[in-house]
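>>> generate a structure from the sequence data that follows.
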Amino acid sequence: MLMRNERVLTALLAFGIASASFGQRPDSTQSQKPSDGDVVRITTNLVQVDAVITDKDGKLITDLKPEELQLLEDNRPQKITHFSFIPNNAGEEKQTTKPNVRDTRTPGMPPERLHPEDVRRTIALVVDDLGLSFSSTHFVRRALKQFVDQQMQTGDLVAIIRTSGGIGALQQFTSDRRQLYAAIDHIRWYAGGRSDVGAFAPIGQSKFGAEVEDKRKELEDLRSDVFSVGTLGAISYVVRGLSDLPGRKSILLISDGFKIMDRDLLSRTNRNDRTLHRMQQLIDETSRASVVIHTINAKGLQTTSVRAEDSLADATSSSGARAPSQLADDLVNRGNEILDLQAGLDYLADETGGTSIHNSNDLAGGIKKIVDEKGYYLIGYRPDQSTFDTRTRRPAYHQLSLKVLRSGKFNVRMRNGFFGADSNPEKLASTNPRDQILHALISPFGSAEVPIRLTSLFANDAKTGSFMRSLLHVDGSALTFTHEPDDWHQAQFDVVAVTFGEDGKIVDEVSRVDQLRVRGAAYQRVLKSGFVYMVTVPIKKAGAYQLRVALRDQASARIGSSSQFVEVPDMKKRRVELSGILLSATPPGTNQTAVASNQAVPNAADLTFDPANSAAVRQFRQGETMRYSFAIYNPRLDSAGQPQLQTQIRVFRDGQPVFTGRVQRFALNNPPDIARLSGESAIKLGADMVPGEYVLQLIVTDLLAEEKYATTSRWVDFQIRP
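Reported below is the predicted structural model:
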């Protein structure tokens, strides 16, 4: 329901709610428009590829000239028309130890908020839990935690994505370690996947006989093939999201492997056509999106010898034991399985220009080696007409190769081919409204055709329980208004809001067609300042959630989308919790001193400024007083039935504290519900504060609770304008 701006703040404060970004940038991330020089293109008049060239010792070569290279398409030399070396200096930056922020109750440093121009590395860590064994899952979780703790750097934009999670697993790329820890904590062994508990299935004779065992293996191979295609489909979602970013992007796939070929004891090789065809489609998608796929085999270094879980008994043998020849065949099959599973990972990395790491138990070291890549060459040529021959229904696949003509031995790592189809986005874009909205929702990155800003507010009510109330600020000037008699103006738009749970499944969905009809001064205010659209979603259980919202202007088909990560605490544990922080500007003419936490809130209907926009946009001016509202839940009570709480605020800029308030006792004023205490205060923004991005952190301490659970904190970002 679209609410009048004048009523929004009063409605929110009546619930005593708060909490916006939890350290995550709440507005949509506007993608930079890539230039011709920094993105791989495959069109009818230009083919560009990226290549990493090293010497025999693995050292990156950075000083090659175009005449020292020969690029071939289907073994035919091509004239190089575009050539440049793109350095990546992020890996050379001195790494500083970051505090471990896994304990979200500890009032540590708020996370950094990155703008597109701040991003140094964009890294998608794709965990193939559809194909991880139980034993591999443990080591993968440990390696990912080590990466977040020790290897993440300033300017890193990272996502940890599970292949079993579907579109909900595509969380917004983030620099917030808390979000990444939450993603790691939900990586578990997928019992319905294609991998066993251990690295290999135990050796043992089926009690149903050889014929039934052969049928069982045939069905198991089919099941494994289907799950392999599912893995590749999940990676495809990530590639589509990364395609909107400029430059060369990296996906790091961690998996136990999948088969594109299957060998038997007679050395015959059978192709898994379903998996191979889907992989070739994915490889072509990566070429057009300038995405490189690196792979790590999570099995590590394995031995094919007899293991403790293997059974050497054979009921059909007179001796009751497996014959030596049969055991030898079983061990050969186990060795072939290692090679077959690794072949799929090797092929995917080789064809996309990535690195394949296997036979190593140092998974964390493998991740570091891949993400610290120092640079690459961008090489382009003008294809002839035959490359994009459209006379056949199915475009031909063209092989690419690169030769270094300089004397010496060199290793070239690049994508090895593409399909002869034009990837002009204007031709590929869907005109179906449903497809457009779906694309905006499943993309890991927001669409900014209609600028929107999302502020999701967690709250808890005694009757309704926990819920998220979201303020969606919309730039009214981006909508198409029809002009009607008597100075009326109307815009129609579609809104879809989807909440994903920890497992990537949809928890709730709200979709509607709505309209905004305004006139006179209200119309001018909407064009200048925008308007706020409110969506409320109930939350039945505690956990980490993603809220994704897309708004589509019906007349122009322009779309704006945004997503936000929200943690909902478990209220049943009866620990002190903090709802979050609702920011708003103090109305003009109001006394500019700090407001006590129990002071009444002015009637928003009497205010001449726009409280809803103030709360949703969170932009303030130098010298202005910024009001913050919050709620404290489940405080411990003393013998007199009273809580003993303390509050403190800190303000950060660029990850550094610029203001630390004094510790204050939280004052009560006959609250209606002692388990839900509403608080409010204000802070005067200095006239000399540098315009830019800031973070306000609120810390609450319960003096009656045991030390481990006595402190909780939340933060929210805001901007200062000159």
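>>> whichever helix or strand F85 is part of pairs with which strands?
Using DSSP states H and E, F85 maps to strand 80-87. If you go by DSSP bridges, strand 80-87 pairs up with strand 375-381 (antiparallel).
>>> please report how far the closest residue in space to A462 that isn't next to it in sequence lies from P635.
Excluding its sequence neighbours, the residue lying closest to A462 (Cβ to Cβ, 6 or more residues apart in numbering) is D673, at 6.2 Å. Heads up, the C-betas are built off the backbone N, CA and C, glycines and all. Distance of D673 to P635, given as Cβ to Cβ, to the nearest Å: 11 Å.
>>> looking at those two, which is more packed in?
More crowded of D673 and P635, by other Cβ atoms under 10 Å: P635, with 23 against 12.
>>> ok, that one - contacts?
576, 643-645, 674-675, 677, 702, 704 (Cβ atoms under 8 Å, 6 or more residues apart in numbering).
>>> what about 10 Å?
Neighbour list for P635: 574-577, 642-645, 666, 674-677, 700, 702-705 [criterion: Cβ atoms under 10 Å, 6 or more residues apart in numbering].
>>> could you pull out the helices for this structure?
Counting by DSSP state H, the segments of the chain that form helices are 5-14, 134-146, 177-185, 210-242, 273-289, 324-351, 363-371, 425-428, 433-442, 520-529, 611-617.
>>> hang on, the earlier thing: phi first, then psi, for the residue nearest to A462.
Dihedral angles of D673 (phi, psi; degrees, to the nearest 10) stand at phi -140, psi 110.
>>> I figured it was touching P643, is that so?
No: counting by Cβ atoms under 10 Å, P643 is not a contact partner of D673; they are 11.9 Å apart.
>>> and stretch 573-581, how far apart are its ends?
This stretch, stretch 573-581, spans 22 Å end to end (Cα to Cα, to the nearest Å).
>>> what does the average pLDDT come to for it?
Stretch 573-581 carries an average pLDDT of 88.
>>> which positions in that stretch come out as buried?
Of all the residues in stretch 573-581, those buried under the rule 16 or more other Cβ atoms under 10 Å are 575-581.
>>> got it, and stretch 131-139?
Result for stretch 131-139 [16+ other Cβ under 10 Å]: buried residues 131-133, 135-137, 139.
>>> same question for stretch 641-661.
Across stretch 641-661, burial judged by 16+ other Cβ under 10 Å covers 643, 645, 647-652, 661.
>>> okay, who's weakest in those by pLDDT?
Out of these, that is F652, at 89.
>>> what sits closest to that one if chain neighbours are left out?
Per Cβ to Cβ, 6+ apart, closest to F652 is V695, 4.4 Å.
>>> who is that neighbour paired with across the strands?
Using DSSP bridges, the bridge partners assigned to V695 are F652, D717.
>>> so where do the strands sit in the stretch 501-650 of the chain?
Per DSSP state E, counting those that start in this stretch, the stretch 501-650 of the chain carries strands over the ranges 506-519, 531-538, 543-553, 559-568, 577-578, 582-585, 619-621, 625-633, 645-653.
>>> same check on the stretch 351-500 of the chain?
356-357, 375-381, 397-404, 410-414, 417-419, 452-461, 465-474, 482-484, 488-500.
>>> the fourth one pairs with which strands?
Listed by DSSP bridges, the sheet partners of strand 410-414 and their directions read strand 46-55 (antiparallel).
>>> got the angle between the strand it pairs with and strand 397-404?
On the basis of axes from the mean of the first three to the mean of the last three Cα atoms, to 10 degrees, strand 46-55 is oriented at 40 degrees to strand 397-404.
>>> on that earlier part again, go through the buried residues of stretch 573-581 and name the one nearest T154.
I581 (25.0 Å; Cβ to Cβ).
>>> got the phi and psi for the closest one?
phi -140, psi 120.
>>> surely it and I699 touch.
No: between I581 and I699 there is no contact under Cβ under 10 Å: 11.4 Å.
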